[in-house]
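A.B. asks: Please find the sequence and the predicted model below.
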Amino acid sequence: MGILDKCYTPNTENQHNYLLDSCVFDKRLSNSGDDVNLLIEATKQGYEFYVTELQSREIHGVPDRKRTYNVKWEQPENAARIEEIFELLNVKRVSCYGNPCQAWLVVLDGTYRAIESSDSDEPRVQMFYEIYNDNTRHLNDAVIAESAIYNGCTFISTDKRVIRIVNKYFQNRAIHYDDFIREVQVLR
C-alpha cells in the first residue's frame, strides 16, 4: 500500500471490519509470525483489515515530527515487513480527519475529512475530543480511533485508555489486540 492509494469504504454488512491501530504493528514486529498466520486465516473467513492514510504515511517514512514512539516504522527493514503484512492481509486504506495545519491536507480525494462544527454533538466527535484531550501526543490516537467508528470498523489496539474511551461511546467497538487474537484462534 503506497501513500495516497485508493481510499475504501468498508462494506457495513460485513461484521468483521477491523481498523488496526499503529501500536498493533509495533507489537507485530516482535512476534514470530504466528499472529500473522492467524490473521491470514481470518481473512479467508471474511475478516477485513484497514488503516488510515496517517498510518500509511508513517510506514513510508513521512512521520509526524512531534512523535517518536513509532520510530521502528521508519527503519527500512521494519517498514518493508509492515508492507508485507499489509499485502498478506489485504489491508486497505480508509478516510480520516486531516490536520488543517499540515500542508498535505490539500489532498481532496476523500483521503482526509474535516470536523464540521455541525458534527460537534455527535458521539463520534465527542469521543475524538476526549481521546485527544487537548494533548498533541494523543492526536493521532484520536484520528485513528475516530476513523474506525466513522468507517464502521471495530478498532484493534493495545492502548487501554483509547479502547476504554471508544467503548464508552460505542459499546464493543474497540478490542485489545490480545483479546482479538484469542477470538481469532477459535476459528482454527
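C.D. replies: Arrived safely, thanks for sending.

A.B. asks: how about low-confidence regions in this structure?
C.D. replies: 1-5, 28-32, 60-75, 98-119 (pLDDT under 70).

A.B. asks: Any buried residues in whichever helix in the chain runs longest, and which?
C.D. replies: Counting residues, the longest helix found in the chain (DSSP state H) is helix 76-89. By neighbour count with 16 or more other Cβ atoms under 10 Å, helix 76-89 contains the buried residues 78, 79, 81, 82, 83, 85, 86, 89. C-beta coordinates here come from the backbone N, C-alpha and C atoms, glycine included.

A.B. asks: Against residue 17, how distant is the nearest residue to residue 8 once chain neighbours are set aside?
C.D. replies: Spatially, and ignoring its direct neighbours in sequence, residue 8 is nearest to residue 92 (4.3 Å; Cβ to Cβ, 6 or more residues apart in numbering). Computed as Cβ to Cβ, to the nearest Å, the residue 92 to residue 17 distance reads 10 Å.

A.B. asks: hang on, the earlier thing: ok, so of the buried residues of helix 76-89, who is nearest residue 46?
C.D. replies: Nearest to residue 46 among the buried residues of helix 76-89: residue 89, at 12.7 Å, using Cβ to Cβ.

A.B. asks: residues contacting the closest one?
C.D. replies: 36, 39, 40, 43, 49 (Cβ atoms under 8 Å, 6 or more residues apart in numbering).

A.B. asks: what does residue 42 give?
C.D. replies: So residue 42 contacts 16, 184, 187 (Cβ under 8 Å, 6+ apart).

A.B. asks: Would you convert the contacts of residue 89 into a markdown table that also reports secondary structure and distance to residue 132?
C.D. replies: Shown next, in a markdown table, are those (DSSP: H, G, I helix; E, B strand; the rest coil; distance: Cβ to Cβ, whole Å):
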| residue | secondary structure | distance to residue 132 |
| --- | --- | --- |
| 36 | helix | 31 |
| 39 | helix | 29 |
| 40 | helix | 34 |
| 43 | helix | 32 |
| 49 | strand | 24 |
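
A.B. asks: nearest to residue 143, of those?
C.D. replies: residue 49 (17.7 Å).

A.B. asks: beta partners for the closest one?
C.D. replies: For residue 49, the beta-bridge partners under DSSP bridges are residue 18.

A.B. asks: Roughly how far does it sit from residue 81?
C.D. replies: From residue 49 to residue 81 the distance is 16 Å (Cβ to Cβ).
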